[in-house]
Structures are given as C-alpha cells and as structure tokens.
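*Asks:* A predicted structure for the sequence below; I have some questions about it.
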Amino acid sequence: MISYRQEIWFNVPSRRAFINITGKVAKCVAQSRVKEGLALVNSMHITSSVFINDDERGLHHDYEKWLETLAPHEPTSRYQHNLTGEDNGDAHLKRQVMGREVVVAITNGRLDFGTWEQIFYGEFDGGRRKRILVKIIGE
Amino acid sequence: MISYRQEIWFNVPSRRAFINITGKVAKCVAQSRVKEGLALVNSMHITSSVFINDDERGLHHDYEKWLETLAPHEPTSRYQHNLTGEDNGDAHLKRQVMGREVVVAITNGRLDFGTWEQIFYGEFDGGRRKRILVKIIGE
Amino acid sequence: MISYRQEIWFNVPSRRAFINITGKVAKCVAQSRVKEGLALVNSMHITSSVFINDDERGLHHDYEKWLETLAPHEPTSRYQHNLTGEDNGDAHLKRQVMGREVVVAITNGRLDFGTWEQIFYGEFDGGRRKRILVKIIGE
C-alpha cells in the first residue's frame, strides 16, 4: 500500500470565495504514483469547505446568495458563537451545507470523474492563511 | 490490496426521484471479493446525489417538499446559472444538501450497515442518462 | 493492509445533543496500530450525524436553533413520515444537513487534524440506544 500526504495553503483576501483546486489535487495524485485507490481532500478548518460541483460563475453566484439566505453573516449578534469575539458564526453553518471533505476514486492513476466534476475550496471566513489536506492511499 | 470499479447507469424519466440502490451496491461488494475495506459510492454528476437514509415513502415525500422549499425549481430566472440555457440551477443546490457521495465500511464481505441504512440515488435533474461510480478498495 | 472495526454506543436522554467523540475515535486509531490510512466514522442510524466542527458551546446553540428553523420538530403533522407512528420526521432532515459520516486521514498513527477540528456525534432523535461505526484501513 502506498500512502501520500500533502497540504495546500490558501490566503483568500475576501470573506468568501470558491476556488477550483482540481489541478492541484490531480498533481498530488500524479506525485503519489497511486494507480488504484482513494483520495481524501478535506478542509483542515471549520469555516471552509471542500466540495465537488460545476465551474460556472453564475452557479457560484447562486451558491453565495443561497448560503447568505440560509445563514446570513449579519447581524453578527444573531450567533451566540460570536460572543467569543469572532464574527464568523455564519461560516460554521455555511460550511456544514457545503461539506468538509470529498473522497474521490483514483483509477488508472487519475481522478475518476464525471464530465463536469471539479473540486472546489469554499472559503467562508477569509483574510487569513488556511489549508486543506490531500491524503491518498492505494497501490 | 484489491481494487474494484463499477458504473451504475440511470435514466430517470421525471425531474426528481429517489431510487434505492442498496442491492446494486451489495452486488458490487460481492463481485469485488473484498472482505475488509471501504466502498465509495458517488454520483458522477453535479445535479444528483448519493445518500443514506430510510426507504420510507412518506420520508421521500418530505425530502422532496423540503428541498423545494430550500431551493425552489421555479421561477428558473431565480438562478444566474440558468442564464447558461440550463433550467437546473436548483438541482445544483439540492444536491449539496443531500451530498455527492457515501463511504461505507465493508466487514466480512458485506456492507456494514445499521438496521435502517439504505443507499439512495437522488435525482434532481432527470430525463437524461446519468451514472454513479462504485469504487472499492480492501482485502 | 490492516483493518479495524469498532462500534461506539450512545444513549442520549434528550431529543437532541452534540457529543464530542474525538477522544474515543483517537483511541480506536491507537488500538488499530494503523500508521498511515483512513478512518471512516459514521452513524449507523438515519436520524443522527457524525460531523467535524468546533467544540464551542455557543456554536452548538447556533446549530440547534438553525436546524430547528430549517426543519422544525413541530408540528409533527408537518411530516408525512410521522404518519408511520414516528415523531422524528425532522430528525431525518436535520441529519442530511449535518451529514452521516466523516473520513479522516491517519498520519504517523494519529488523526491528521487542523487546530480546531473535533468530531461530534449529533443526536436528533434521542432517548434510545444508538451507535456509530469506526472503520479503519491502512498500514
């Protein structure tokens, strides 16, 4: 069994953003030399997500608007979590809707994807250095 | 290490539906000959889900109604994504609530499930051929 | 390849609660002797969740309040599922928002976590004995 580990770092200047990380994960898969296995890609933070969907600007706008409806950032007094001095209560909720992690099959040394599947880092509390983990096991 | 890969295809005539795929996934596990391992079951599309819950008709009605409340199909002009000519903006949102994938333990050559766990394909933009991936690794 | 399996049981007296299970899962990882691999932690029930977020009381209050807004317990007649004689229709919906499972990397024999990541059991229909599964594979 081969195992492989890599961190990928981000510093998103805005509070929220969706960043396509498919190329970076594919590079990890190539480096791992795993031909058949599983790749786990997860946020190492609790106010950001890793998820798979379409790389389409209109859709990302729709996600942004929808998540703000489900869990608005303001008023920040809405969240008891913000009594700790944070203002990111909403980000912890948005992250649950979009998910912490994806597990992707590796087949013939590549991410085994449908036509439109792309991996995204979803930032909901930016303006600081944050990272994701890529862990691959297989043969 | 053994690895196994299978696609399962669907062509759901209605826009939305929940289809129990537990038997099909169990068949994959048997074919894989894996006794101890993990099975990844994921949609290869971005407007459908794979999830685990109860096979109960009333619950599926509740999910349908609830998801329409959270992310209504109409008016389709509600979603910028639909400016691309699609009308499935809502399906991309519904899929995030229900999830892309499940990872299931395999123990003694079987899906290691609680009493009521059943695997479903959740279609939110039917009327076309779509598929899921079953990838199994183990021994 | 090593594989390891453990069930962890709960009996939450209240209807809903969030319980930090990080220590229990870490103990499983140690017992498994896996140094490099993946740990799957999933609810074996369909009205409870396993998820990763912050161990902060205010946040848990926010989750509780938010999930009640998204999928209220009452009136129980709101859910067709409750026609079966159950009153837990809401719990099946809440569980989808919070998720069934997490997959966590194991590196150097430990849960490979960011600073604030903690694993929780989320109960949405307590008052009975329920369990989660920890399945570990690796080397």
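*Replies:* Good, I have the coordinates. Numbering: from 1, shown residues only, chains lettered A, B, ... in the order given.

*Asks:* residue contacts, the residue nearest to the spatial centre of chain A?
*Replies:* In chain A, the centroid-proximal residue (CA atoms, centre = their mean) is residue A:50; its distance is 1.9 Å. Listed by CB atoms under 8 Å, 6 or more residues apart in numbering or on different chains, the contact set of residue A:50 reads A:21, A:41-43, A:99-102, A:119-122, A:132. Every C-beta, even on glycine, is put in place using the N, C-alpha and C of the backbone.

*Asks:* Grab the nearest non-local neighbour of the residue in chain A that chain C sits nearest to.
*Replies:* The nearest approach of chain A to chain C comes at residue A:44, 3.0 Å away (CB to the nearest CB). Leaving out its chain neighbours, the residue that sits closest to residue A:44 by CB to CB, 6 or more residues apart in numbering or on different chains is residue C:114, at 3.0 Å.

*Asks:* what mean pLDDT does the helix or strand containing the residue nearest to the centre of chain A have?
*Replies:* Per DSSP states H and E, residue A:50 falls inside strand A:48-53. Mean per-residue pLDDT for strand A:48-53: 98.

*Asks:* Quick check, residue A:25 in contact with residue A:134.
*Replies:* Yes: under the criterion of CB atoms under 8 Å, residue A:25 makes contact with residue A:134 at 5.9 Å.

*Asks:* Overlap in contacts, the two.
*Replies:* Joint contacts of residue A:25 and residue A:134 (CB under 8 Å, 6+ apart) are A:39, A:41.

*Asks:* What ranges does chain A have for its strands?
*Replies:* For chain A, applying DSSP state E gives strands covering A:2-11, A:17-20, A:37-43, A:48-53, A:101-107, A:110-111, A:118-123, A:129-138.

*Asks:* tell me which parts of chain A are close to chain B?
*Replies:* When proximity is defined as CB under 8 Å from any CB of the partner chain, chain A approaches chain B at A:1, A:36-38, A:51-54, A:56-59, A:61-63, A:66, A:70, A:97-99, A:102-105, A:107, A:112-117, A:137-139.

*Asks:* Can I have the buried ones of those as a PyMOL selection?
*Replies:* Buried residues among the residues of chain A next to chain B (16 or more other CB atoms under 10 Å in any protein chain shown), as a PyMOL selection:
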select buried, chain A and resi 1+36+37+38+51+52+53+54+56+58+59+62+63+66+70+97+98+99+102+103+104+105+107+112+113+114+117+137+138
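
*Asks:* Give the other helices and strands that the lengthiest helix in chain A contacts.
*Replies:* Ranked by residue count under DSSP state H, the longest helix found in chain A is helix A:57-70. Secondary-structure packing of helix A:57-70 (3 or more CB pairs under 8 Å, 6 or more residues apart in numbering or on different chains; DSSP states H and E): helix A:89-98, helix B:89-98.

*Asks:* Quickly note the distance from residue A:133 to residue C:107.
*Replies:* Separation of residue A:133 from residue C:107 (CB to CB, to the nearest Å): 9 Å.

*Asks:* Need the overlap of contacts for these two.
*Replies:* Joint contacts of residue A:133 and residue C:107 (CB under 8 Å, 6+ apart) are residue A:5.

*Asks:* Many thanks, we can stop here.
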